[in-house]
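1. Requesting a structural model of the entry that follows:
(2 chains)
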Amino acid sequence: MPEIMDSSTAVNDSAVSGDASVSSSGNQMPPPKAEKKKRNLPGMPDPDAEVIALSPKTLMATNRFVCEICNKGFQRDQNLQLHRRGHNLPWKLRQRSSKEIRKRVYVCPEESCVHHDPSRALGDLTGIKKHYFRKHGEKKWKCEKCSKKYAVQSDWKAHSKICGTREYKCDCGTLFSRRDSFITHRAFCDALAVESAKEPVAPPSVEEELDPQTVDPSPPSPPVQSPPSVPTSSAAISLVLPDQTPALDSTELQDDPIPKSTQIINDTATPVQVASLTASCSSSSNSSNTGSTRSTVFASLFASSTASGSMHSQASGFTDFVHATAQADLIHDLGPSLSIEPTSLCLATNHGSSIFGTAGQECRQYALPPQPAMSATALLQKAAQMGAAATNASLLRGLGVVSSTSSSGQQHWNGQQFESGSASLAVGLGLGLPYDGGSGLKELMMGTPSVFNPKYTTLDLLGLGMAAGGGPTGELSALMTSIGGGLDPAPSYGNAEFSGEKYGRSS
Amino acid sequence: MDRVIFTPKGTQFLQYDINEHECNINGHHQLDMQSTNQSSLTSTSRGSSESGEPSGDTKWASKLLKDCAKAISDKDSSKIHHLLWMLNELASPYGDCDQKLASYFLQALFCKATESGQRCYKTLISVAEKSHSFDSARKLILKFQEVSPWTTFGHVASNGAILEALEGESKVHIIDISNTLCTQWPTLLEAMATRNDETPRLKLTVVVTENMVRSVMKEIAQRMEKFARLMGVPFEFNVVTGLNRLGGITKESLGVQEDEAVAINCMGALRRVEVEERGAVIKMLSSLNPRVVTVVEEEADFSSPRNDFVKCFDESLRFYTLYFEMLEESFVPTSNERLMLERESARSMVRVLACDEDHQNGTFSGDCERREKGNQWSERLKENFTQFSFSDDCIDDVKALLKRYRAGWSLVQPQENDLGIYLTWKDEPIVWASAWKP
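-> Predicted coordinates:
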């Protein structure tokens, strides 16, 4: 081992100086993403490269270069030399050799590890060090807020910055800012219960799965390129997209979905936007006869959410798919997950009309069992009242979901739902909008791509398919439930048990 | 529903001296109106239309209830009638904290005064069972955990101790005596799946005595098994349902095997054992030779003053006032989950305050609700166990947990002779968590 260490010292120094900038710029990016890419790339090193096998001790070593005066330790000899200068000791900085250095690649000392094989060696020293810490080292950096532990300090730092702000999203649409409540929810959520015997998630990757930033920063692929097996949704999308593309910078959207979505909401207020949005909507809903002011308001809202949501889904959904296929080793059991893929896409075909039902199914299951036979209007009014108190954004989510229905499944809107409930729905919208609109859209945006996500969505889509047959009344009430459901318990207040008792007593 | 059982009767019973106390009542009407306005719940307002003048006395419920308990203890029937009538006028399960407390404690006091505790308790249970389902139970418990660390505090502390005690074991058996519907276990499963050494085989045995819990265990089992598969933890799930009281628990029924490392998780479990049987149950648990026993209990003493009605009532009122205030600050006013939790407390109040005689006849079934304080439990547990200290990591986890709830929660670490840790709410200890080993 000592011999190896010695050989590595030189490597260390030379590699490090070139490396420093890489690692620091790496920290600027969303770290899990960056790591995922590095770690999971098959690792096809230059065959001419020199393969370096460092010992665990070397990889773990910190501050190996100790000052004999003050015992201060340094990770690099260069730094120690600079330090020695402060003690007025002789010092010497290694000159960077001007001649071409032979490329080096690094293997993991852990024999069971995929990167132990020289053919999967990693291309830089920092990479192998981080890999070794993450995969085989002790997680000694602990987040104060969520107690998640990290082996690499920079990972921990990056996490600490965003901890609590990120949201974990379950297939059922519920968002969580706390990891443990998300885990508990996952175990009890029906989205998991629906899941068949497949195992889409391997335990160590849970955190990555939970990561909302799965959006690939690569530029969005145009709608035409969307997989041909999703005709319904892509049709709906392409109707809306042409109008939207100039107005919104999709690349920016991708980079930072959260603030941008808020931006969109505000934008809908500006005349130009509204016009374009309305236009896009009427083009998508030209089969509908509802041309009144009221429906235009709806339409613009719907269009806005559809547009942003769908653009997002187009881009990230598709690239995710490509991504997943390319980086197949990311998924533990490659075979099953790939075989799931066509199924989920295939199911997505129907989702234009059935997505409405999904939210419904989920909410129905969460709702208290004795749902009173309230009229649709009463429910809507209730929801409108609740909308004011509701702090979560399911209202918009619900409507956003509806929007995709409205473009592909017009009958719903022209049918009973629309007639019975439109007036109060407008109230609901008015009240709901000023509230967390941004996160509503965000949720939508995060939600839509997940339909395309190869790993989890199978469950989701199974749920969708099952709920597709739900009648309009059920869907409507489910929508209302979803408006206040999720994070805010308010809506169930309106149920008969409560009000009945209350009035029974006072009379 | 539950109000119907009591209200018409109560009104009848109290009808005759309305005139006598009119002045008083008007005074309280004002209070009532005012508090109603504050809580923005208009539907609870009484017929009176006079405008409310603010008054300094906001804790009227506590005073009236205590007076009433005293009158019952003194068997002063005219005072009892007067106070019950007044409470009945002012109380509402949908009002502010005072109104809610008045309403539920009035029910217990009425049961005590009329010796109808057992009947009332049974009715309350059957009403609750009727509207109970997996969905409602799940929603309730997850929502409660989202807004308050009341149960999650114990979960995190216990899981920390369990993980530590079972570290390196390849075959582990967790015996779960709790009513938290396995919501404690997903995070533990995840921790086991991601820990550095080999993922152990996990056997989880859940001991269930309540019908309501029993009825949802099938759904829970299904979900736990799926989740364990998802996490890649080899998993076996058992439910022990044959018991109708925890005192009857036996070593055989738990299916402990020689080669297993056993952990016993008692979340609010020991208080459900009849006071006389507690020693025996603890002894039985120690005979399983567990690596760790985690004990989490609510910090109240309904046990030592159980022969002194007034004392017991005061303690009960103290504890549930804290609990109701905590619920009020944690939930939105119109939360159905909050209402369900309050009703659960109401059942517990009736059980503790008005059902003792029935229980002593041996005719009573259902869980005991006589809580003890941490130091009392420690005395009992010390007879068979020694303390298993929570590690720094575990304490950190609990602290991190509390940070994520709204202000008011904190962790109090053991003083010199105290064992375990306390969850405090506004500086009042309310939940106690501890870990033990043989």
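
2. Now for residue A:63, how many residues are close by?
-> 14 (other CB atoms under 10 Å in any protein chain shown). C-betas here are computed from N, CA, C, even on glycine.

3. tell me which element residue B:316 is part of?
-> Following DSSP states H and E, one finds residue B:316 within helix B:309-330.

4. how distant is that helix from the center of its chain?
-> Mean C-alpha position of helix B:309-330 versus that of the full chain (CA atoms, centre = their mean, to the nearest Å) differs by 11 Å.

5. Identify each buried residue in it, please.
-> B:309, B:311-317, B:319-328, B:330 (16 or more other CB atoms under 10 Å in any protein chain shown).

6. Which residue is it, in the stretch 51-200 of chain A, that comes closest to chain B?
-> Nearest to chain B, among the residues of the stretch 51-200 of chain A, is residue A:187, at 3.8 Å (CB to the nearest CB).

7. how close does the nearest residue to residue B:201 once chain neighbours are set aside sit to residue A:59?
-> Counting by CB to CB, 6 or more residues apart in numbering or on different chains, the nearest residue to residue B:201 once its immediate chain neighbours are dropped is residue B:234, at 4.4 Å. From residue B:234 over to residue A:59 the distance is 32 Å, taken as CB to CB, to the nearest Å.

8. before we move on, what about residue B:191?
-> Residue B:191 is 26 Å from residue A:59, by CB to CB.

9. cool, residue B:188 as well?
-> 31 Å.

10. What of residue A:112?
-> 16 Å.

11. related to what we said a few turns ago, what residues does the helix holding residue B:316 touch?
-> When contacts are defined by CB atoms under 8 Å, 6 or more residues apart in numbering or on different chains, helix B:309-330 is touched by residues B:62, B:65-66, B:69-70, B:72-73, B:96-97, B:100-101, B:104-105, B:109, B:112, B:147-148, B:150, B:298-302, B:305-306, B:338, B:341-342, B:345, B:349, B:352-353, B:371, B:406, B:408, B:425-426, B:428, B:430.

12. Let's see stretch B:161-179 as CSV, backbone CA atoms only.
-> Output of stretch B:161-179 as CSV, limited to C-alpha atoms (Å, rounded to 0.1, in the frame of the first residue of the first chain):
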residue,chain,number,x,y,z
ALA,B,161,-32.5,3.2,19.7
ILE,B,162,-33.8,0.1,17.8
LEU,B,163,-31.4,0.6,14.9
GLU,B,164,-28.5,1.0,17.2
ALA,B,165,-29.4,-2.0,19.3
LEU,B,166,-29.9,-4.2,16.3
GLU,B,167,-26.9,-3.1,14.4
GLY,B,168,-25.0,-5.9,12.8
GLU,B,169,-27.7,-8.5,13.5
SER,B,170,-28.8,-10.5,10.5
LYS,B,171,-32.1,-11.7,11.9
VAL,B,172,-34.2,-9.1,13.7
HIS,B,173,-37.6,-9.3,15.2
ILE,B,174,-39.5,-6.2,16.2
ILE,B,175,-42.5,-6.6,18.4
ASP,B,176,-44.7,-3.6,17.9
ILE,B,177,-47.2,-2.8,20.6
SER,B,178,-48.7,0.5,19.5
ASN,B,179,-51.7,2.0,17.9
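
13. quick one: average pLDDT of that stretch?
-> What stretch B:161-179 shows for mean pLDDT is 92.

14. Tell me where the model's unsure across the stretch 251-400 of chain B.
-> For the stretch 251-400 of chain B, the stretches with pLDDT under 70 are B:357-366.

15. again, but for chain A
-> A:1-47, A:62, A:95-101, A:164-166, A:192-507.

16. all strands of the stretch 51-200 of chain A, in order?
-> Using DSSP state E, counting those that start in this stretch, the strands assigned to the stretch 51-200 of chain A run over residues A:65-66, A:73-74, A:104-107, A:141-142, A:149-150, A:168-169, A:175-176.

17. Show me the strands in the stretch 151-300 of chain B, by range?
-> Using DSSP E, counting those that start in this stretch, strands in the stretch 151-300 of chain B cover B:171-178, B:201-207, B:235-240, B:261-267, B:292-298.

18. Alright, I will stop here.
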